[in-house]
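In: turn this into a model:
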Amino acid sequence: MSFRFLLLILLATVTRGVFAMPTAPLTFEPNHGQTDARADFLARGPGYLLWLGHGETALRLGTNGSVIRWKLLAAGPMTGVGESRTAATSNYLSFDDTRVAKAVPHFERVRYVGAWPGVELVYYGSSDGHLEYDFVLAPGTDVASVAFEVEGAQRLRLADNGDLEIQTAAGTLRQHAPVVYQQRNQQRTPIAARFVLQGATVRFAVEHYDPTLELVIDPVISYATFLGGSGDDRIGGIAVRDGETYVAGTTDSVAFPPRRAACRRRMGRAGDASYRASTPPPHS
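Out: Next up, the predicted model:
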């Protein structure tokens, strides 16, 4: 039996469309000298940079340099290993040759062993660039040993629906409330669970479950999108109707994702009005 804590981190902003539309799955690069020596792995997602290593996850958001860190409490030495190598590689060159790294591989997942006795930590990404990670607990491991501290947030709060909201200057990070279930005879049995927030420390509270079966803690997956281009994009209004989200505002971006009918032969003002309708994907 193993216990799985599956968390999804979504980035969102309500004041400015500073993130690009995600188009590629998240992959992880081992640090071959192309980034800070404290990092074991580096990843790039829609609107953020991610570093893994030394018992913490660091996320730099947007263009203002806001950094959020998740630090594992009382964690031991950890070794990270990339899994499921992709066909992609990266090459880094610099004028002074201080950060030259060639043919850096990409991996779909990173697995850390040794965070706590009997616990593995697995990072991976969704197809649209969101970060996900699992805590995998071996039989007999105490769930209470799994705890992390959030640093760099302006405010932490538990929403009414149980989500953990991490407010930053660049927007709001959201970790969805864990949905827990056990598989029995190909049927899912839901188990009550929730985040426990004490100051900046986050733990999990899991109600009664069958210790002879695998326990899966999974987020409630809601849709999210990041709208914007390369310039100054501002949202003036948001409305939701019949399951669709309507966003209106202005954009100075030449790379803002337009409809074909929006293209013009002559340049007008420096900024353009923008409008977009988004329909959430069907639930799986």
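In: going by C-alpha atoms from here, please, whenever you check contacts or count neighbours.
Out: Noted.
In: pretty sure Asp160 is in a helix, no?
Out: No: counting by DSSP: H, G, I helix; E, B strand; the rest coil, Asp160 is not part of a helix but coil.
In: check what pLDDT it gets.
Out: pLDDT for Asp160: 93.
In: what number of residues lie near it?
Out: 7 (other CA atoms under 10 Å).
In: and the gap between it and Ala147?
Out: Distance from Asp160 to Ala147, counting by CA to CA, to the nearest Å: 21 Å.
In: burial count for Phe195?
Out: Neighbour tally, Phe195, other CA under 10 Å: 18.
In: relative to Leu50, how far out is it?
Out: Distance from Phe195 to Leu50, by CA to CA: 23 Å.
In: helix or strand: which one has the closest residue to Pro117 other than its chain neighbours?
Out: Nearest residue to Pro117 in three dimensions, chain neighbours excluded: Thr141, at 7.4 Å (CA to CA, 6 or more residues apart in numbering). For Thr141, there is no helix or strand it lies in under DSSP states H and E.
In: just the pLDDT for Thr141.
Out: 78.
In: quick one, what contacts it?
Out: Residues near Thr141 by CA atoms under 8 Å, 6 or more residues apart in numbering: 117-119.
In: can you tell me the helix or strand for Asp134?
Out: strand 131-137.
In: mind listing the strands that strand pairs with, and their directions?
Out: Strand 131-137 has its sheet partners listed here by DSSP bridges as strand 3-12 (antiparallel), strand 119-125 (antiparallel).
In: neighbours of Leu197, how many?
Out: Residues near Leu197, counting by other CA under 10 Å: 15.
In: now the closest residue in space to it that isn't next to it in sequence: how far from Leu50?
Out: In this structure, Leu197 finds its nearest non-sequential neighbour in Arg203, 6.6 Å apart by CA to CA, 6+ apart. Arg203 sits at a distance of 22 Å from Leu50 (criterion: CA to CA).
In: same thing with Tyr181?
Out: 29 Å.
In: repeat for His130
Out: As judged by CA to CA, His130 and Leu50 stand 11 Å apart.
In: about what we covered before: who has more neighbours out of Arg203 and Leu50?
Out: Legend: neighbour count by other CA under 10 Å for Arg203 and Leu50, higher for Leu50 (20 against 17).
In: secondary structure element for that one, which one?
Out: Going by DSSP H and E, Leu50 is part of strand 48-53.
In: tell me where the stretch 101-250 of the chain has strands.
Out: Assigned by DSSP state E, counting those that start in this stretch, the strands in the stretch 101-250 of the chain fall at 101-113, 119-125, 131-137, 148-151, 155-158, 164-168, 171-175, 178-184, 187-191, 193-198, 201-206, 215-219, 233-241, 244-251.
In: quick one, the first one and strand 131-137 angle?
Out: Between the axis of strand 101-113 and that of strand 131-137 there is an angle of 40 degrees, by axes from the mean of the first three to the mean of the last three CA atoms, to 10 degrees.
In: in CSV, please show the C-alpha coordinates belonging to strand 101-113.
Out: Extracted as CSV, the C-alpha positions of strand 101-113 are listed here (Å, rounded to 0.1, in the frame of the first residue of the first chain):
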residue,chain,number,x,y,z
ALA,A,101,25.8,24.0,-21.0
LYS,A,102,25.2,21.9,-24.1
ALA,A,103,22.8,19.1,-24.9
VAL,A,104,21.0,19.4,-21.5
PRO,A,105,18.3,16.7,-21.5
HIS,A,106,14.7,17.1,-20.6
PHE,A,107,12.6,14.8,-18.4
GLU,A,108,8.9,14.4,-17.9
ARG,A,109,9.3,13.7,-14.2
VAL,A,110,11.7,14.1,-11.2
ARG,A,111,11.7,11.7,-8.3
TYR,A,112,13.2,12.6,-4.9
VAL,A,113,13.9,9.8,-2.4
